[in-house]
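Visitor: A structural model of the following input is requested.
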Amino acid sequence: MVALDDINLSINPGELFVIAGPSGSGKSTILRIMSGLEKDFDGSVAYGRGITRKDFSFVFQQFALLPWLTVKENVEIGLIARKITPHIRARRVMAELKLLGLEKFCNHYPRELSGGMRQRVGIARAFATDPKIIFMDEAFSELDSFTAEELRHELLDIWREKKPTIILVTHLVNEAIELADRIAVLTPRPGKIEKIIKVTLDRPRAKRSPEFFALEDKLTGIIRP
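Guide: Okay, here's the model as predicted:
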């Protein structure tokens, strides 16, 4: 089965780039290819000068926390892999937990947290290694709408401060518009890039403005012709 066909894509450093499209169009497959998790493809992926897979982080849809580790221990996994000293490790972990309002829960286990808090841990883990590129696969789809909206706002705040490149997959049109600098819209399988839309609305984006609704209609029309 061919999942993707003739994908040619360039993403700018520091950009918040969103990949949207119907279910089964290959959105997550593109993300896995870009991040090196998927090896079975024809073609090539090139990164900026000096960037290696050590500069990547990944936020998964299903939280992907290790249940036998505490919040603090889950967040520091990537730092341990990079052989960061314990002192610096502890400082970075607590800084990320504080940014996401989790410092009081550093010794809790995932089973003791709500879904929103668990995904906050996943985001803290992704940012703790100070990555140049963060891949996010439907990172808010397992959360209720209120928690998801709150987390999107927090993500934007952290992104504005640290300016990594974020590549995010979503099936939600309003989420794509709320977050993206640009949106690549995929066709049904085999996925091709139907259109790349630049979002010029000022942040924070007024979700009930005529401009937002107009862009939402345009994007929906492309995804569901």
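Visitor: what number of residues lie near Leu66?
Guide: By other CB atoms under 10 Å, 11 other residues sit near Leu66. Backbone N, C-alpha and C define where each C-beta goes, glycine included.
Visitor: repeat that for Arg92.
Guide: Neighbours around Arg92, by other CB under 10 Å: 20.
Visitor: what does the one 3 residues further on give?
Guide: Using other CB under 10 Å, the number of residues around Ala95 comes to 13.
Visitor: got it, and Asn107?
Guide: Neighbours around Asn107, by other CB under 10 Å: 10.
Visitor: now do the one 5 residues further on
Guide: Counted with other CB under 10 Å, the burial measure for Glu112 works out to 12 neighbours.
Visitor: contacting residues for Val59?
Guide: Counting by CB atoms under 8 Å, 6 or more residues apart in numbering, Val59 makes contact with Gln119, Gly122, Ile123, Ala126, Ile134, Phe135, Met136, Asp137, Ala139.
Visitor: one more pass at 10 Å, please.
Guide: Listed by CB atoms under 10 Å, 6 or more residues apart in numbering, the contact set of Val59 reads 119, 122-127, 134-140, 155, 166, 168.
Visitor: show only the entries of those residues found in strands.
Guide: Counting by DSSP state E, the part of those found in strands is Ile134, Phe135, Met136, Asp137, Ile166, Leu168.
Visitor: state the number of residues packed around the fourth one.
Guide: Residue neighbour count, defined by other CB under 10 Å, stands at 22 for Asp137.
Visitor: pLDDT value on it, please?
Guide: Listed pLDDT for Asp137 reads 94.
Visitor: beta partners of it?
Guide: When assigned by DSSP bridges, Asp137 has beta-bridge partners Val169.
Visitor: can you map out the helices along the chain?
Guide: Ranges of helices in the chain, per DSSP state H, are 27-35, 71-75, 77-81, 86-99, 115-128, 145-162, 173-179, 210-223.
Visitor: who does the fifth one touch, helix- and strand-wise?
Guide: Secondary-structure packing of helix 115-128 (3 or more CB pairs under 10 Å, 6 or more residues apart in numbering; DSSP states H and E): strand 56-59, helix 71-75, helix 77-81, helix 86-99, strand 133-137, helix 145-162.
Visitor: flag every buried residue along it.
Guide: 116-128 (16 or more other CB atoms under 10 Å).
Visitor: go on, the last one?
Guide: The neighbour-count check on helix 210-223 (16+ other CB under 10 Å) flags Phe212, Leu215, Leu219, Ile222, Ile223 as buried.
Visitor: show the average pLDDT along that helix.
Guide: 94.
Visitor: what comes into contact with it?
Guide: Applying CB under 10 Å, 6+ apart, the contact partners of helix 210-223 are 20-22, 25, 171, 173-174, 176-178, 180, 183, 185-188, 194-195, 197, 199-202, 205-207, 209.
Visitor: try it again at 8 Å.
Guide: Contacts to helix 210-223, defined as CB under 8 Å, 6+ apart, come from residues 20-22, 173-174, 176-177, 183, 185, 194-195, 197, 199, 201, 205-206.
Visitor: do the same with the fifth one
Guide: Contacting residues not belonging to helix 115-128 are listed as 57-60, 63-65, 71, 74-79, 92-93, 96-97, 99-102, 105, 110, 113, 134, 136, 139-140, 142-144, 147, 150-151, 154-155, 158, 162, 164 [CB under 8 Å, 6+ apart].
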